[in-house]
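A.B. asks: Give me a model of this one.
(chains A and B)
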Amino acid sequence: MIQIQALEKRYGRFVALEGLELGVHPGETLALLGPNGAGKTTTIRAITGQLRPSRGRVLLDGLDVWRHPVAAKRRFGYVPDRPYLYGKLSAVELLRFVGRLYRMDPRAAEARIEELLAEFRLERFASALIETYSHGMRQKLTFAAALLPRPKVLIVDEPMVGLDPVAARTVRNLLRTYSKPDRAVLFSTHQLELAEAAADRVALLHEGRLRLLGTPDEVRRQHDDASLEEVFIRLTEDVTDDASAASAHPAP
Amino acid sequence: MLALRLRILRHSLAGRPFAAAAASALGLGVAAVAYGGTLAFLRFLAGYPFAAHVVEVRSVEGLFLVLSAAVLLSALPGALAVLYDSRDLPLLLAWPLAAGRVFAFKVLETYVVTALVPTLLTLPVLFALGTFHGAAPGYYLVATATALALYALPVGVGVGLALPLVRFAPAGRAREWAGAVSAVLGGAMVYGLRALRPEALLRQEFANEAALARFIEQFQNPSAPFLPSAWAGRAVQAALEHPGLPPVLLGLFALALGALGVSAFAAGYAYQAGWVRSLEGASARHGARPPALWERALARMGPAGALWVRDLRLFLRDPNQIAQLVLVAVLVLLYTTSLAAMPLEGAVFVRVVGFLHLAFQGLVIAGVGVRLAYPLYSFEGPGYWLVQTAPVGRLGLLLSRYVLALLLLLPLGLALGLYAPAVIGLDPGLRSVSLISALAAVVGLAALGVGLGAVWPNREASNASEVPMSLGGLLYMLLGTLFALGIAALDARPVYWALSGRSGFLSSAEGALWLALLSVVTLTVVLLPLAWAFARSD
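C.D. replies: Here you go, the predicted structure:
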């Protein structure tokens, strides 16, 4: 569903992503892990066509995001880490807007909007302006907007920020079940327990490179049955320590 | 707090050195023009010793009055943005700082945001006055202090007007109400200026000594001696004539400090009593409303229609945009009613004024375009990700912005191109030329605005007036002015044709060539910026 091939993003001398190769298969949920600044959001922005890669390409359902942007974008729904929405629109107006951008049939769109507003418990606020919403309500609305066109791929950057417990459970279930049977989910998170609970495979990014890829069980087995948290800390600290040691004792 | 703000300013200037240097050069250029222009005006006045002093005094007071009104106009939304809506206020109030100090700092920030530019415009004028009259060094201090004190008053009034808004405006609507009040104040101010009937000056019989003496006698008596602008004028004159601190300046300072102090104190009270209510008291509305008929009609046009529905809703719900529309409408009304009131006697004079109108209309459209067409890409704001990640082509997005800019500027173009020539009384041939020129200006300036706005978007701007403050905005104004002047240069030919008593220009071979030239120039202005924007947009 998602094929990331030799993806690289540079800002001058700074390398945000380097030679990233990663795939998300149909029926699979993949969690992208990594410390702050690891390159998770850069990867997601490159996949969603917001950031032009310096090298490499991203295929969505076989379509290159930068060569066939309109067709590729029709295949995914996206939830960003910060839910900036148009404050002067109401929830229902925003969802209708999204439905029209995806050329949905108006009747089908109305029915789906009703369904999603109910699912995320927003129906009481459907006609209130988004500027009056709390952070969590905006996040829920962003999920509803992403799910509206029933995309083949769901891409979520930091899904749990600002959600109340009920919404958090809804989203956790969504991440776990949306990919079945023939769709795919890619989400980035700092919450390792969420990754363990919802993802079929996890990928660890650090300093722009892929450090680890596998199912949570495989990862634990490869690291002496340590918890995912311990593996995470070990791998990210090792790399940082190696880098610090290298810079403190440069090769002659 | 001040040190922190200065450090942030230093970092943002260091982050964009080119923009900072360009803005500084522009500011210095404007100051130099104001200084040189004032000196030239004073030298010109010196040739008329019987009226020079009166005109000089009243001109300074007039400048103070107009700029005070401008400060008042921007102080209300400025106060809401800085005092109640700023992102750092909750953080500052959570720190172990006295709330009074925090709000005093915020009032000071409002003062800087709204009064800095008028102060920087006033000082070169006052300094030119001092240079011209050979004033003592102390004059320059008094002049600076006068400007600072004068503009503090409308800031105090603006903050005062914001208080009832946050206290009593319906929940979540304080900003909308502020926009409406500003628009009404702005319209009233412009009509107030119109009420002075400047065209009456044209009707004075200055050749008649008695009438002239009567006019000067009337003109030198201030019509509102208790206005702070009159106080400031008196302070400046006193400092020019006698070294030392004029007592009237002390009064002005006391008033300014009192206004700022009281407003800072009251702002702190209103923040807790009113603003929290206006944010937290937002009422939930039940259920989804069906789409309106116009919305359904536009939505049938696919993604472009969806974008227009969104744009119309956002535009009509943004008080800043509504305020701008009201001001544009008032200015057009002012322009056309002023044309109607001018004593245009004789066909030649009508055609000369008509040519001035033809030259001016392009500049007016360019001036409005910088607020309506240029920011269209920036209006996407931080929510741009929604469109960027949706299946909308770059060309479709660009063209939808262009068509929207055309629709926004077209009513203005028609008012200037069709209605104004009718008011002037131009002959049908020149009326057609006026309409064609106005439409060409609309078509070209909409593309120039959208194109350059797409190349230099500012999606972080908190309001429309911030967007053009960039290299792209300056380039738009420069190229837009050149385009408008280019159209005016082309228009000179049909006007000359009419002045020499001929008719039927547009149906002549020369008229066809004129149309072809105008089309080529307009198409160039349309295609180049749009092509650039398409190439640069992702």
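A.B. asks: tell me the contacts of the closest residue to residue B:533 other than its chain neighbours?
C.D. replies: Distances taken as CB to CB, 6 or more residues apart in numbering or on different chains place residue B:454 nearest to residue B:533, at 3.7 Å, with adjacent residues excluded. In short, each C-beta sits where N, CA and C put it, glycine included. Residues near residue B:454 by CB atoms under 8 Å, 6 or more residues apart in numbering or on different chains: B:377, B:398, B:401, B:533, B:536, B:537.
A.B. asks: hmm, which two among those are most spread apart?
C.D. replies: B:401 and B:536 (13.6 Å; CB to CB).
A.B. asks: Got the confidence number for the closest residue in space to residue B:2 that isn't next to it in sequence?
C.D. replies: Across the structure, with CB to CB, 6+ apart as the measure, the residue nearest residue B:2 apart from its sequence neighbours is residue B:105 (7.1 Å). On the pLDDT scale, residue B:105 is placed at 83.
A.B. asks: Go ahead and measure how far the strand or helix carrying residue B:139 is from the middle of the chain.
C.D. replies: In this assignment (DSSP states H and E), residue B:139 forms part of helix B:137-168. Mean-position distance between helix B:137-168 and its chain equals 20 Å (CA atoms, centre = their mean, to the nearest Å).
A.B. asks: Do that helix and chain A come into contact?
C.D. replies: No: using CB under 8 Å from any CB of the partner chain, we find that helix B:137-168 stays clear of chain A, coming within 15.7 Å at best.
A.B. asks: which helices and strands does that helix pack with?
C.D. replies: In terms of contacts (3 or more CB pairs under 8 Å, 6 or more residues apart in numbering or on different chains; DSSP states H and E), helix B:137-168 is packed against helix B:49-79, helix B:99-133, helix B:174-195, helix B:228-241, helix B:247-270.
A.B. asks: could you measure residue B:229 against residue B:69, distance?
C.D. replies: 9 Å (CB to CB, to the nearest Å).
A.B. asks: typo on my end, it should be residue B:251
C.D. replies: Taking CB to CB, one finds residue B:251 at 21 Å from residue B:69.
A.B. asks: who has more neighbours, those two?
C.D. replies: residue B:69 (19 against 15; other CB atoms under 10 Å in any protein chain shown).
A.B. asks: any idea how far chain A is from the more buried one?
C.D. replies: Using CB to the nearest CB, to the nearest Å, residue B:69 is found at 29 Å from chain A.
A.B. asks: And the one helix or strand residue B:28 maps to, what does it pack against?
C.D. replies: In this assignment (DSSP H and E), residue B:28 forms part of helix B:17-46. Applying 3+ CB pairs under 8 Å, 6+ apart, we find helix B:17-46 packed against helix B:49-79, helix B:99-133, helix B:471-499.
A.B. asks: Residue 132: neighbouring residues, count only.
C.D. replies: Because you didn't say which chain, this covers chain A. Residue A:132: 19 surrounding residues under other CB under 10 Å.
A.B. asks: wrong one, I was asking about chain B
C.D. replies: Residues near residue B:132, counting by other CB under 10 Å, number 17.
A.B. asks: What of residue B:159?
C.D. replies: 30.
A.B. asks: Just to check, it is in contact with residue B:107?
C.D. replies: Yes: the criterion here is CB atoms under 8 Å, and residue B:159 meets it with residue B:107 at 6.1 Å.
A.B. asks: what touches both of those two?
C.D. replies: Joint contacts of residue B:159 and residue B:107 (CB under 8 Å, 6+ apart) are B:83, B:263, B:264, B:267.
A.B. asks: From residue B:109, how far out is the last one?
C.D. replies: Meaning residue B:267. 11 Å.
A.B. asks: neighbour-wise, which of the two wins?
C.D. replies: Each of residue B:267 and residue B:109 has its neighbours counted (other CB under 10 Å); residue B:267 has more, 27 against 20.
A.B. asks: For the more buried one, give me its contacts.
C.D. replies: Residue B:267 neighbours (CB under 8 Å, 6+ apart): B:79, B:83, B:103, B:106, B:107, B:159, B:162, B:163.
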